[in-house]
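J.: Sequence first, then the predicted structure:
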Amino acid sequence: MGGLGSAQLSFSVALPWRHDPPRHSKLPLQIQCALTKQGQRFLTKLAANAGNPSVANKLISKFLSTSPKSTALTTLSYLLSPHTAHPHLSSLALPMYSKITEASWFEWNPKLVAALVALLDKQGEQSQSEALISETISKLGNKERELVQFHCQLVESHSKMSSKCGFDRACTYLHQLLQNSSSVYVKRRAFESMVGGLCAMDRPGEADELIEEMKVEGLKASVFEFRSVVYGYGRLGMFEKMLKVVDQMEKQGFGDDTICCNMVLSSYGAHNELAAMANWLRNMKDSSVPFSIRTYNSVLNSCPTIMAMLQEPKAVPCSVGELSGVLDGDEALVVKELVGSVVVDEAMVWDSAEAKLDLHGMHLGSAYLVMLEWFEAMGNRFKSAECVVPAEVVIVCGLGKHSSVRGESPVKDLVKEMMHQMGSPMRIDRKNVGCFIAKGRAVKDWLC
């Protein structure tokens, strides 16, 4: 196998399934590396001295000598990411990696090497990227499993960089590797990686052909491959082919899949197909496919009226009935299909100690609709003669740690505005500013 890898560096083999469909814009793959404050300060200094290689190298050496392993690796991963806020510093990733390999704590990591290879390839530094590949293949020798894992990482890294040439070279190697291997594990990992990568590169037709090739190799496609192709076609608006693959999944025993259904909804939403989205939600109900928070996120992110209202939530409708009254056509239909699902029940806790609604994981539109449903559900419970009034009522909205701007929570701002508009007794908890809290009796009096 080592010889095969070496040959890969000197020539390019035409992919047997290759064709070049027109390119379309695709949803970005969001990859975020959480920098430490130490890493942020280092990158700020590095940016100010990036034009001076001598100073930059000294800064890198000093940073690595004073940083723990986790900080050093996180900072390097940030530089290697295609979504780094410092793309002008990416050329320093290789010297930084070279310094890290000299550290006493360094352990060789194929994922890190693959990311560096993809970055160098994207920068046009092909000789350096090939040298790293050769070094890795030599290091791994004839260990098939390790070789396939490394090249799967290469496929993933090249796809994240949208680097067609590097991606095709990695796929070519994997295809050769699976054809020359008798290992089911090697074949499965290679197919899984190529299918996922091709879909990420907006080439789902080729991925679909690979699923057929898997049958020839005596392998059954997993739910991962099917989902990848479903979403690949869906992102491009190729809905007929998307639904054809969904039908294949059902025939293979992968039906009633909430994750796949959410991918279909997200695809319709990305192309403003709200009528198709409403129909798909109805089909999910008829087939007893449960909704999830992601179902709400996928649908409500695509509702233009709701999302426009929530940008300035000074006078948003404060009940499901009011909201339905301001929505028209297909947008009203999708909201109607969402309301009454198990999502609210799953997000809610109710006992004698507390009634709690947890909004974690919900995007702005989802948090808004779930709160409206929750108010309605609480009002109905409080009116029941058998209702046990909880001691406290809590809404958990978080601190904005996962928001686009860290520490700023649009959901928390929305909850605060709605509580004000509705005259609610709920206030920000002094002990946990990511929560709103009130006495259960006060909330009952307010709602009833």
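T.: Perfect, thanks for sending it.
J.: going forward, measure contacts and count neighbours with C-alpha atoms only.
T.: OK.
J.: Name the single longest helix found in this protein.
T.: helix 364-383 (DSSP state H).
J.: What are the buried residues along that one?
T.: Buried residues in helix 364-383, counted by 16 or more other C-alpha atoms under 10 Å: 364-375, 378-379, 382.
J.: Please save the CA atoms from it in CSV.
T.: Coordinates of the C-alpha atoms in helix 364-383 are reproduced here as CSV (Å, rounded to 0.1, in the frame of the first residue of the first chain):
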residue,chain,number,x,y,z
LEU,A,364,-34.7,32.8,17.5
GLY,A,365,-37.9,31.8,15.6
SER,A,366,-38.1,28.5,17.4
ALA,A,367,-37.7,30.0,20.8
TYR,A,368,-40.4,32.6,19.9
LEU,A,369,-43.0,30.0,18.8
VAL,A,370,-42.2,27.5,21.6
MET,A,371,-42.7,30.3,24.2
LEU,A,372,-46.1,31.2,22.7
GLU,A,373,-47.1,27.5,22.8
TRP,A,374,-45.8,27.2,26.4
PHE,A,375,-47.8,30.2,27.6
GLU,A,376,-50.9,28.6,26.2
ALA,A,377,-50.1,25.2,27.7
MET,A,378,-49.4,26.7,31.1
GLY,A,379,-52.6,28.7,31.0
ASN,A,380,-54.6,25.5,30.3
ARG,A,381,-52.8,23.6,33.1
PHE,A,382,-53.4,26.4,35.7
LYS,A,383,-57.1,26.4,34.8
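J.: after it comes which helix or strand?
T.: strand 392-396 (DSSP states H and E).
J.: If you count contacts, what does that next one end up packed against?
T.: Under the contact criterion of 3 or more C-alpha pairs under 8 Å, 6 or more residues apart in numbering; DSSP states H and E, strand 392-396 touches strand 354-358, strand 435-439, helix 440-447.
J.: how about the nearest residue to Leu243, chain neighbours excluded?
T.: Using C-alpha to C-alpha, 6 or more residues apart in numbering and skipping the chain neighbours, the partner closest in space to Leu243 is Val230 (7.5 Å).
J.: so that neighbour sits in a helix?
T.: Yes. Counting by DSSP: H, G, I helix; E, B strand; the rest coil, Val230 is part of a helix.
J.: what does the model give it for pLDDT?
T.: Predicted confidence (pLDDT) for Val230: 97.
J.: and if you look at Ala114?
T.: Reading off the model, Ala114 has pLDDT 95.
J.: Does the residue nearest to Leu243 touch Asp247 like I think?
T.: No. Applying C-alpha atoms under 8 Å as the test, Val230 and Asp247 come out as separate, 10.3 Å apart.
J.: The residue nearest to Leu243 and Leu120, how far apart?
T.: 31 Å (C-alpha to C-alpha, to the nearest Å).
J.: quick one: low-confidence parts of the stretch 301-448 of the chain?
T.: Within the stretch 301-448 of the chain, the segments meeting pLDDT under 70 span 399-408.
J.: I meant to write the stretch 1-150 of the chain there.
T.: For the stretch 1-150 of the chain, the stretches flagged by pLDDT under 70 are 1-34.
J.: hey, where'd the helices end up in it?
T.: 2-8, 37-48, 53-66, 69-80, 93-100, 110-122, 126-140, 144-160 (DSSP state H, counting those that start in this stretch).
J.: Which of the ones you listed sits closest to Ala170?
T.: When the helices of the stretch 1-150 of the chain are compared by C-alpha to C-alpha, helix 144-160 sits nearest Ala170, at 5.6 Å.
J.: Tell me the spacing between Val343 and Ala276.
T.: Computed as C-alpha to C-alpha, the Val343 to Ala276 distance reads 21 Å.
J.: In terms of packing, which of those two has more residues around it?
T.: Neighbours were counted for Val343 and for Ala276 using other C-alpha atoms under 10 Å; Val343 has more, 19 against 16.
J.: Would you mind measuring from the residue lying farthest from the centre of the chain to Arg427?
T.: When distances are taken from the C-alpha mean of the chain, Ala385 lies farthest, 44.7 Å away, according to C-alpha atoms, centre = their mean. Shown here: Ala385 relative to Arg427, a distance of 27 Å by C-alpha to C-alpha.
J.: Please apply the same query to Ser104.
T.: Per C-alpha to C-alpha, Ser104 is found 52 Å from Arg427.
J.: rewinding a little: can you add mean neighbour count and distance to Thr71 and give the helices and strands packed on strand 392-396 back as JSON lines?
T.: JSON lines is the format used below for these (neighbours: other C-alpha atoms under 10 Å; distance: least, C-alpha to C-alpha, whole Å):
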{"stretch": "strand 354-358", "mean neighbour count": "20", "distance to Thr71": "32"}
{"stretch": "strand 435-439", "mean neighbour count": "21", "distance to Thr71": "31"}
{"stretch": "helix 440-447", "mean neighbour count": "16", "distance to Thr71": "45"}
